[in-house]
Structures are given as structure tokens and as C-alpha cells.
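Undergrad: the sequence and its predicted three-dimensional model are supplied below.
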Amino acid sequence: MTVSTLTLLVLRIGFLLLLWLFVFAIVYALRSDLFGQRVRKLQSDAAGNPFASAAAARPAPAPAAAAGTISTAEHPLAGLARPITGPIERPAARPVPGEPAGSFPNRPMATVLTAHRLVITSGPRRGTEIPLVNEPITIGRSGDSGLVIRDEYTSTHHARLMLWNNEWMIQDLDSTNGTFLDGQRVTVPTQVPLDAPIKIGTTTFELRR
Amino acid sequence: MTAPTSSTPLASRTGAPSAPVRRIRLPKKLRNLELGLLVFACAINAAAVVLVELGAIGHLDFTLVLLGAGLSALVVAMHIVMRYVAPDADPFVLPIATVLNGIGIAEIYRIDIARHDAGWDSAAVRQIVWTAIAVVCAIAVILLIRNHRVLQRYTYVFGFGALVLLVLPMLPIIGRQVNGARVWIGIGPFSFQPGEIAKIALAVFFAGYLVQARDSLSMVGRKVLGIRFPRLRDLGPILVLWGLSMAVIVFQRDLGTGLLYFGLFLVMIYVATARVGWVVIGLVLFVGGALIASRILGYVQDRFENWLDPFSDHVYNATGGSYQLVQGLFGLAHGGLLGTGLGQGRPTVTPLAESDYIVASLGEELGLIGIFAILCLYLLFVSRGFRVGFAGQDDFGKLLGVGLAFTVALQVFIVIGGITRVIPLTGLTTPFLAAGGSSLVANWIIAALLLRLTDTVRNQPRLVV
């Protein structure tokens, strides 16, 4: 069997194409890693997320201190937030409404023993909560974060909640728009008090019992 | 929470505690993607071997294709093992390693054909056997190390092991000197380069050491010219490492390995402490050491001369001169943009075309376009390791992932930089491509460790807002 020069030329170029096709197949498959998730419009659909519907469908937990006004009122972007979806009747609240913003020296800190859940108090997914386990949670727009927040104000790797000596700390990962604990921008890893609002983009969450 | 359950979505974990635990069988998206890419990779490998045969001998000979099919079966076996023990591991590492390894085998086979080597003399057959051993090692690693944090417990064991492995070639009976470099050990007909395994042990040691020591390395120290320099006490390990890498260069006559170890340590210490001071100190030490070595040690001086002035007659014709370097450059130039086609170039003109100069051989036959595809594959491989550094949950794993990926990156840079005359030529192997068993085993173990590390990185968020 002899092979003509033309066939060899075609095969040669075909092989190079095959090689590059492989490279592009991989790049296409990991495009969300390379370019980040698509930024979501703030008023986009709510039902698309299986996690939220699962969380929302669960019977509402019975926290002790659940009354008063939610922190959305003081939220600068509160008007943009979508109305709540799902059966969330009861807006959560700060336990001591009159307390001024700033550091709270007397407030109990969130530790592995005291904090059991992370509750979203404002933003598109308000009312949702996830249980806290002894595992750090990364927060950001990228799909590999533990808590993915997709809005225009969140960085790809925005912040992380981590455990130092069983105490929850919030660390800002050099995000563009900052992470706010009790209204103050987080610059160094800071201990998180129980029920203190942490704001990232248009989303605020608290660590609760 | 432990890693194996990390992929189960929130809904299955947050039910009332009294409810019976239900295991939901999720479609393994990542593994299916991997399987698809793996089939693609094996097709590329088969195509490469077929093209080599058509180009070099004009007809098909199925013995090597059959051997290659055996390898494909092994790689698929690794994939199946990962479905059970590392279901969330990165889906790209294994296909990329397979393609690089397969293209390497095809090119080595091509050089065998030109030299009329067959049977056990054939470097390609030996390379296939080594690949089989390497893949089995990788499967063993992924089966035995179920949690990478176990490695942290043996930090100093790994450090000591690395030292022993480095010293082994210097021992009188088993040590062997090949082409001037004393980096081999040989038992009977088998020879092995323990330095390749040592780099993995060193990466584990550095990661474990730096997790403990980074606070004292980054916080304490005197500030000079805006850069905080660490205390002498904390400087100890870096000085020991510097001495070690210089000793490797001096006694084993192996420039590349010394550069690799030192670069690995510098990058890991930089990632751990985020202090530029360490990098400045390290670079000054290395450049200083290299300059002194180039004055004192004859062979280092030759390497510099070959690099700076390869085309002059007396350098080209000298023994240990720039003949190989220049032939490699001619080969690359002969390949041009599209290459001569697999099996149709003349890579055997260059000495060591199947091991040190495999990239020049491939560059001749696949051209610039083909070499760039190979470099892209390396880039993707390395980026998957660096991703652990971004998204990993524990500091040891992050450091280890970055360190292992960086060894591959630095090795590729040192080799290809040397061949293309960007830096002085040093004898290192191109990961996965070059003929050489120890390098293959080491790099497949690195791939397995990266797979183990990426398995712990969260792929599914717990909540999407």
C-alpha cells in the first residue's frame, strides 16, 4: 500500500486540526472557570435553582428571636432586590434593633458550638438558609465557591468564612466592592459575632444559632 | 464534613435528622466528561501512530497500535477507579496526560523506525512498558491516598526521603554516570533517576513545612528598602535548600535539577507568605551561585558559551559544544509553521532526539502550530493544579497543588527554553513526552496527586444566590 503525497498532506493538516480541536474541547468545557460565571440580572428567574426551592420548601425553622424589621430597609440597594419567592412568611431581624452599627464587644461570637446556620437576610434569595458544618465556606461568583453569589457587585473569589480555633472568621479576598461586617468594611480576617449582618454585593447574611 | 460527601447537594443533607439517609445517585457529569475526552485522547494517540507509520514506512503495522490499545485500556481502568474513589476530581488532567504521553510514544516510535530499532531495543516499546508501570503507580496512589492531608503528617519523613533519594546516585555501587551527569542509579539492566521522585517528596515537604512556618516567615523581620526581610533564624531552611541545589549542580553535574528544586521552593514560599522579599533573596542567591558556578565549573561555563554563541565554528565543533543545540534549531526551522508531517522529517540528526530533544523532534514534524497545541495542553494541565490553590479548602492542599503544578510548568520552561535558546540548555526531561521511565513515573504520580487534590475542591456550590 502506498500513500500519495497529497493524502499525507491532508492527513498532516487533519492531525493538527485534531490536536487543536482537543485543546478547544477542553477550553470550552472549562469556560466558566476561565471567564467566570455569567453575571445574573438582578430581576432574573427565581425558580431555576434547585437548591433554593429545596431550601424554601422545607418547613420554616422556629427561631426564638424573629420579629421586627429586616435589614433590607437600611440596605442601599434594597429597592433593586427581587420580592421574596416561596413560602417565607417571616422576615428575620437583628435581635437588638436599637443597637448602633460598629463593633459589638459584648456580643457572643459565632463559634462551631453556637452558630448552626447561615441565613440570607436580604438580596434575591432572602430567607434561604444553609446549615453550617465544620468546613470553611468560600463566597464568590465562581462555580467552585461554597456560596455562589451572582450579581454585578461580587468578585469571582470574593470572601471566605473560615474556622480559626473553632471560631468563625470572615476574610475578604481582595474583592473589588468589599465585604461589610456590621456596615464596616472587612480588611483583615475578622471574627464574626452571632447575628451580625455580613454584606456582599446585594446580599446580606447572618450566622445564627 | 468529609470530602467524599461534598458533592451531594444540600437537599439530601438538610432533612430532619431522624429521616433515613437516602443516597441519591447523581449522574457523574465530571466523570462522563472525562470519559468523552479520554476517548478523544486515545483517538489522537492512535492517529499519531498511524500517521508515523504511513509517513515513515508507507504502510500500516499493527503491533504498536495494539500495544497502544493496551495502554488505552489501562488509562480507562484508571478512569473507572476514579469513578469510585475520586468522583469529583478534575476531568481534564487524565486526558491531557494521556495525549501528551501518546504523542511522545508516537514520536519515539518514529525515531526508532529511522534507527531500525525493533523489539526490546526499541525505545518506544520500553516507553510503553514504562507508561504502563507509571499508570499503575498512579492508580495505586489514588487508591492508597484517600485524603491528601495524611501526607502532611509525614512532612519530615518526606523531607528526609528526598535527601536520601538525592544522595543515592552518589553511592559507589549503584550510582551511575551517564553523559557526564551523575543522577542515575542502576541495578542490573534497569536504571532509574531518583531525583524525579525526589521532587515530589520535596513538594510535600515544602508544603508541610511552610504551613507550619509561614507566620514566622512573613510576620517577623527587619524592613529594608520597603521590603521586609526575614530573620536569619527563619532564613535557615532556604539557605539549606540553596546549599542543596548548589551541591546537586556541583557534585551531580546537573544544572537543571538544581534550578528546578530551588525554583520550586521559592514559588512555594512566595505563595505561602506573599512576601516579595523571599523572591528577591532567592533570585539573588541563585543568580549569584550560577555566576560563580559558571566561572569555576567547566561544564557550566561550556553551557553558557553554547547558549550565547552557538553558531561560531569552534563552539559548534567542540566536544560537548553546541552541535546538538544547533541541530535542534535547524530541525525546528525545517518544520516551519505546519511541520514536515509525522514520520517525514529527519529528527534523528539531533543527538538524543528521543529524550532530551523530543520537543525539537516534535517541532520539526508538527511545526509551530503543533508545538503550540502541546504547550497549550501543558498550560491547561498546570492551570488545573493552580486552581487547587484558588479554590482549595485547606492550606496544605493549596500549597501542594500549586507546588506540584509549578514543578511541571518550570520543567517545561527549562527544557523548551533550553532547546529554543531562551536560557542555557540543561538536561531535564519534558514531562510525559520524553523517553525515560523515571520521569514518566514521577509525572503520572504528580497527575494522580493533582487528581486527589482536585477531588477535595468543591465543584458544586451549596447555595447559588
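TA: Perfect, thanks for sending it.

Undergrad: the residue nearest to the spatial centre of chain B: what secondary structure?
TA: For chain B, the residue whose C-alpha lies nearest the mean C-alpha position (Cα atoms, centre = their mean) is B:Val408; its distance is 3.5 Å. Secondary structure assignment for B:Val408 (DSSP: H, G, I helix; E, B strand; the rest coil): helix.

Undergrad: what sits against it?
TA: B:Val408 sits next to B:378, B:381-382, B:385, B:431, B:443, B:446 when contact means Cβ atoms under 8 Å, 6 or more residues apart in numbering or on different chains. No exception for glycine: its C-beta is placed from N, CA and C like everyone else's.

Undergrad: so where do the helices sit in chain A?
TA: Taking DSSP state H as the criterion, chain A carries its helices at A:5-29, A:31-35, A:50-57.

Undergrad: for the first one, packing partners?
TA: Contacts defined by 3 or more Cβ pairs under 8 Å, 6 or more residues apart in numbering or on different chains; DSSP states H and E place helix A:5-29 against helix B:29-56, helix B:93-115, helix B:358-391.

Undergrad: go through the ones you listed and name the closest to A:Gln171.
TA: Ranking the helices and strands packed on helix A:5-29 by their distance to A:Gln171 (criterion: Cβ to Cβ) puts helix B:358-391 first, at 14.1 Å.

Undergrad: just list what that closest one packs against, helices and strands only.
TA: The elements that helix B:358-391 packs onto, with contact taken as 3+ Cβ pairs under 8 Å, 6+ apart, are helix A:5-29, helix B:93-115, helix B:323-335, helix B:395-419, helix B:437-456.

Undergrad: returning to what we had before: if you rank the contacts of B:Val408 by neighbours, which is first?
TA: Of all the contacts of B:Val408, the highest neighbour tally under other Cβ atoms under 10 Å in any protein chain shown goes to B:Asn443, namely 29 neighbours.

Undergrad: circling back: now the helices and strands packed on helix B:358-391 in TSV, with mean pLDDT and distance to B:Gly55?
TA: As requested, the helices and strands packed on helix B:358-391 are exported to TSV (pLDDT from 0 to 100; distance: least, Cβ to Cβ, whole Å):
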stretch	mean pLDDT	distance to B:Gly55
helix A:5-29	90	6
helix B:93-115	92	8
helix B:323-335	91	13
helix B:395-419	93	22
helix B:437-456	92	25
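
Undergrad: these: which one's closest to A:Gly140?
TA: For those, the distance to A:Gly140 is smallest for helix B:395-419, at 15.6 Å, taking Cβ to Cβ.

Undergrad: spatially nearest residue to A:Val112 (excluding sequence neighbours)?
TA: Of all residues not flanking A:Val112 in the chain, A:Asn166 sits nearest, at 4.3 Å (Cβ to Cβ, 6 or more residues apart in numbering or on different chains).

Undergrad: what sits against that neighbour?
TA: Listed by Cβ under 8 Å, 6+ apart, the contact set of A:Asn166 reads A:111-113, A:134.

Undergrad: pull up the per-residue confidence for residue 92.
TA: All of this is about chain A. At A:Ala92, the pLDDT value in this model is 41.

Undergrad: to clarify, I was referring to chain B.
TA: We note a pLDDT of 92 for B:Phe92 in this prediction.

Undergrad: quick one: it and B:Phe40 touch, right?
TA: No - in this structure B:Phe92 lies outside contact range of B:Phe40 using Cβ atoms under 8 Å: 11.5 Å.

Undergrad: and these two? Which one has more around it.
TA: Neighbours per residue (other Cβ under 10 Å) separate B:Phe92 from B:Phe40, with B:Phe92 holding more: 25 against 18.

Undergrad: gap between that one and B:Ile369?
TA: Going from B:Phe92 to B:Ile369 by Cβ to Cβ, to the nearest Å gives 21 Å.

Undergrad: what about the helices in the stretch 51-200 of chain B?
TA: Counting by DSSP state H, counting those that start in this stretch, the stretch 51-200 of chain B has helices at residues B:62-85, B:93-115, B:123-144, B:149-153, B:155-167, B:194-219.

Undergrad: distance to chain A and mean neighbour count for those helices - can I get that in CSV?
TA: Shown next, in CSV, are the helices of the stretch 51-200 of chain B (distance: least, Cβ to the nearest Cβ, whole Å; neighbours: other Cβ atoms under 10 Å in any protein chain shown):
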stretch, distance to chain A, mean neighbour count
helix B:62-85, 13, 16
helix B:93-115, 6, 26
helix B:123-144, 18, 19
helix B:149-153, 13, 15
helix B:155-167, 21, 17
helix B:194-219, 12, 22
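
Undergrad: among the ones you listed, which is nearest B:Val52?
TA: Nearest to B:Val52 among the helices of the stretch 51-200 of chain B is helix B:93-115 (4.5 Å), distances taken as Cβ to Cβ.

Undergrad: by contact count, what packs against the closest one?
TA: So helix B:93-115, by 3+ Cβ pairs under 8 Å, 6+ apart, packs with helix A:5-29, helix B:29-56, helix B:62-85, helix B:123-144, helix B:358-391, helix B:437-456.

Undergrad: low-confidence ranges, chain A, go.
TA: Within chain A, the set of residues satisfying pLDDT under 70 comprises A:1-2, A:32-106.

Undergrad: and B:Phe192, what pLDDT?
TA: The model reports B:Phe192 with a pLDDT of 80.

Undergrad: same check on B:Arg25?
TA: 53.

Undergrad: am I right that B:Lys28 is in contact with B:Arg83?
TA: Yes - under the criterion of Cβ under 8 Å, B:Lys28 lies in contact with B:Arg83, with a separation of 6.4 Å.

Undergrad: what's near enough to touch the residue in the stretch 201-350 of chain B positioned nearest to chain A?
TA: The minimum distance from the stretch 201-350 of chain B to chain A, using Cβ to the nearest Cβ, falls at B:Gly341 (3.8 Å). With contacts taken as Cβ under 8 Å, 6+ apart, B:Gly341 has the following neighbours: A:8-9, A:11-12, B:51, B:55, B:365.

Undergrad: top of those by neighbour count?
TA: Highest neighbour count within the contacts of B:Gly341, by other Cβ under 10 Å: B:Glu365, with 30 neighbours.

Undergrad: how about that one, what does it touch?
TA: Contact partners of B:Glu365, counting by Cβ under 8 Å, 6+ apart, are B:107, B:110, B:335, B:339-345, B:347.

Undergrad: hey, where'd the strands end up in chain A?
TA: A:117-122, A:129-131, A:137-140, A:147-148, A:159-164, A:167-172, A:179-181, A:184-185, A:190-191, A:198-200, A:203-208 (DSSP state E).

Undergrad: among these, which is nearest chain B?
TA: Distances from chain B to each of the strands of chain A were compared by Cβ to the nearest Cβ, and the smallest falls on strand A:147-148, at 4.1 Å.

Undergrad: so, low pLDDT: which residues of the stretch 51-200 of chain B?
TA: Counting by pLDDT under 70, the stretch 51-200 of chain B contains low-confidence residues at B:178-181, B:187-189.
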